[in-house]
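Participant: take this sequence and fold it.
(one chain, ligands or ions: 2)
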Amino acid sequence: MFKRPWVFIRGVPSMNFLPPEGPPEVAFAGRSNVGKSSLINALLGQKGLARTSNTPGRTQELNYFVPDGYSGAEGELPPIALVDMPGYGYAKAPKENVDAWTKLVFDYLRGRATLKRVFVLIDSRHGIKKNDAEVLTLLDKAAVSYQIVLTKADKISALAMPKLIESTKEAIRKRPAAYPEILATSSEKSAGLGEVQATIASFVS
Ligand code: GTP
Ligand code: MG
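Facilitator: Numbering: from 1, shown residues only. Ligands and ions are numbered 1, 2, ... in the order given. Reported below is the predicted structural model:
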């Protein structure tokens, strides 16, 4: 599945434009600039597939990616879809836009029956912030399975990582919908991708 190319099939600006529920979906959520789009590109080995930027607020729609050959056009459903999401928190964009896409993110996360797992990305340098905790609480309440993925591991020392993983594990220990294992990744260095890929592969229908 990670050997064939993946393609972008749809950008969803509001709930009305979501594709009909069908294939299992895995979503990438997190604060603006945490590295969601970069992680998708690294996982798929396709630089430039999901658009990335140094400016927070780059991704402004729910962007659907599927393995090529399953666009759904001929009625054939893809075996899985990856959903890149707009970030929450600070973004360099007009407030109305940010409010609209934040609502979209929250509505999608709590109301999508085919959503199998949400990777909640956390910047290794910053840890879980207040707005991350709000999203985790929303997912706990909606009973949507999620897993924390630490990003930009190359930005902290190798010695600091085990401690960060332990403290993050402790922070989510009592959260009912949290998958207990914390993953650490660097898209820059292509590190820690295998476990994320294996998790995605486990949801393929
Ligand atoms: P929004 O779409 O704006 O919410 O951002 P995003 O979460 O999709 O982040 P994006 O992938 O666009 O990356 C933001 C910035 O972080 C870019 O400048 C990336 O090059 C950088 N970045 C992403 N992943 C890594 C990483 O693993 N290591 C380092 N050092 N930089 C990274
Ligand atoms: Mg993005």
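
Participant: for the residue nearest the centre of the chain, helix, strand, or coil?
Facilitator: Nearest to the geometric centre of the chain sits Phe28, at 0.7 Å (Cα atoms, centre = their mean). Following DSSP: H, G, I helix; E, B strand; the rest coil, we place Phe28 in the strand state.

Participant: surely it is in contact with Leu115?
Facilitator: No - between Phe28 and Leu115 there is no contact, the gap being 11.6 Å when judged by Cβ atoms under 8 Å. Every residue, glycine included, has its C-beta placed from N, CA and C.

Participant: what pLDDT is listed against the residue nearest to the centre of the chain?
Facilitator: The model reports Phe28 with a pLDDT of 98.

Participant: the longest helix in this structure is where?
Facilitator: Scanning the chain for the longest helix, with DSSP state H as the assignment, gives helix 95-111.

Participant: name the residues that touch that helix?
Facilitator: Contacts of helix 95-111 from elsewhere in the structure, counted by Cβ atoms under 8 Å, 6 or more residues apart in numbering, are 12-15, 18, 27, 29, 57, 60-62, 83, 85-86, 88, 91, 115, 118, 135, 138-139, 141-142, 144.

Participant: in helices, which of those residues fall?
Facilitator: 135, 138-139, 141-142.

Participant: may I see the residues you listed arranged in CSV, with neighbour count, distance to Asn97 and pLDDT as well?
Facilitator: Compiled in CSV, these are given as follows (neighbours: other Cβ atoms under 10 Å; distance: Cβ to Cβ, whole Å; pLDDT from 0 to 100):
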residue, neighbour count, distance to Asn97, pLDDT
Val135, 22, 19, 97
Leu138, 16, 21, 97
Leu139, 22, 24, 98
Lys141, 11, 26, 97
Ala142, 16, 25, 97
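
Participant: closest one of the residues you listed to ligand 2?
Facilitator: Val135 (15.6 Å; Cβ to the ion).

Participant: for that closest one, what are its contacts?
Facilitator: Applying Cβ under 8 Å, 6+ apart to Val135 gives the contacts 29, 88, 106, 109, 120.

Participant: wait, the second one touches Lys36, no?
Facilitator: Looking back up the chat, that one is Tyr88. No - taking contacts as Cβ under 8 Å, Tyr88 lies outside contact range of Lys36: 10.8 Å.

Participant: between those two, which contacts overlap?
Facilitator: With Cβ under 8 Å, 6+ apart as the test, Tyr88 and Lys36 both reach 29-30.

Participant: compare the two and say which is more crowded by neighbours.
Facilitator: Ranked by neighbour count (other Cβ atoms under 10 Å), Tyr88 and Lys36 place Lys36 first, with 30 against 21.

Participant: list the beta-bridge partners for the residue lying closest to the more buried one once chain neighbours are set aside.
Facilitator: The shortest distance from Lys36 to any residue other than its chain neighbours is 4.3 Å, reached at Phe28 (Cβ to Cβ, 6 or more residues apart in numbering). On the basis of DSSP bridges, Phe28 is bridged to Asp84, Phe119.
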